[in-house]
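Colleague: Structural data only, the sequence is not supplied:
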């Protein structure tokens, strides 16, 4: 089942603008990760934020996590045409035992040149 | 390039048939995960192997099975194929069995006719 829900489903912006995508989830988590997928290809790991972290940066990416609201946001600053892709949030549930990631349905981002 | 390889890239087969998808994890990674991506179900975790042993199961059908070999490569076997099994199948790997970053392969696109 899909735990994460990304919002918006699709986003189209001009090159150079900032893009913000949101993700909500349902259960307690150990960590939340963001992945990028270019048109039916493999997923590229972008960033991981742990449940005890509130904000993390990596280059032009900024991720926030609000565990009280069970939500996360991904901000891409100064967008480029190459950022056009689908972005997924994925969570690892907290608690014992290993399991796979639970993915949201993704936000399709289009950067207009 | 994540370092995870998958073969074949594309597979076209008929209903009722059986196929085997292969995955080689990143050098040094002991965990292998299998995911299915379809238009209606999104990205779903199927199964995890750690160092040759089954570690966790997700939404894997009984018609599907997997194994991990001593050299750590993994195979996903899909049998009695149905039209609805058409999807992208991804393999991912991580260093250990903890909740951490997973690195995804390029996927195998399966089309069942």
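Modeller: Okay, I see it. Keep in mind it's a predicted model, so treat the numbers as computed, not measured.
Colleague: Chain A contacts on chain B?
Modeller: B:2, B:4, B:31, B:33, B:35, B:42-48, B:50, B:55-56, B:58-59, B:88, B:90, B:92, B:97-107, B:109 (Cβ under 8 Å from any Cβ of the partner chain). Glycine gets a C-beta too; all of them are placed from N, C-alpha and C.
Colleague: switch the cut-off to 7 Å
Modeller: B:2, B:33, B:35, B:42-43, B:45, B:48, B:55-56, B:58, B:88, B:90, B:97, B:99, B:101-107 (Cβ under 7 Å from any Cβ of the partner chain).
Colleague: Correct me if wrong: residue A:81 contacts residue A:15.
Modeller: Yes. Between residue A:81 and residue A:15 there is a contact at 5.8 Å, judged by Cβ atoms under 7 Å.
Colleague: Take the residues of chain B next to chain A and keep only those in strands.
Modeller: B:33, B:35, B:42, B:43, B:45, B:48, B:55, B:56, B:88, B:90, B:103, B:104 (DSSP state E).
Colleague: element containing the residue of chain A found nearest chain B, please.
Modeller: Of all residues in chain A, residue A:100 sits closest to chain B, with a separation of 2.8 Å (Cβ to the nearest Cβ). Per DSSP states H and E: residue A:100 is located in neither a helix nor a strand.
Colleague: Surely it is in contact with residue B:48?
Modeller: Yes. With contact defined as Cβ under 7 Å, residue A:100 reaches residue B:48; the gap is 5.8 Å.
Colleague: hey, what's in contact with both of those two?
Modeller: Common neighbours of residue A:100 and residue B:48 are listed as B:33, B:56 (criterion: Cβ atoms under 7 Å, 6 or more residues apart in numbering or on different chains).
Colleague: Where does pLDDT dip in chain B?
Modeller: For chain B, no stretch is flagged by pLDDT under 70.
Colleague: Tell me the bridge partners for the closest residue to chain A within it.
Modeller: Proximity of chain B to chain A (Cβ to the nearest Cβ) peaks at residue B:45, 2.8 Å away. Beta-bridge pairing for residue B:45 (DSSP bridges): residue B:35.
Colleague: Also residue B:19?
Modeller: Beta bridges link residue B:19 to residue B:78, judged by DSSP bridges.
Colleague: pretty sure it is touching residue B:79, no?
Modeller: No. Residue B:19 is beyond contact range of residue B:79, at 8.1 Å (criterion: Cβ under 7 Å).
Colleague: Compare these two and say which is more crowded by neighbours.
Modeller: Counted by other Cβ atoms under 10 Å in any protein chain shown, residue B:19 and residue B:79 do not tie: residue B:19 has more neighbours, with 18 against 15.
Colleague: Quick one: residues contacting that one.
Modeller: Here residue B:19 is in contact with B:11, B:13, B:78, B:81, B:110 (Cβ under 7 Å, 6+ apart).
Colleague: cutoff 8 Å now
Modeller: B:11, B:13, B:77, B:78, B:81, B:110 (Cβ atoms under 8 Å, 6 or more residues apart in numbering or on different chains).
Colleague: likewise residue B:94?
Modeller: Going by Cβ under 8 Å, 6+ apart, residue B:94 touches B:29, B:30, B:31, B:33, B:100, B:101, B:102, B:103.
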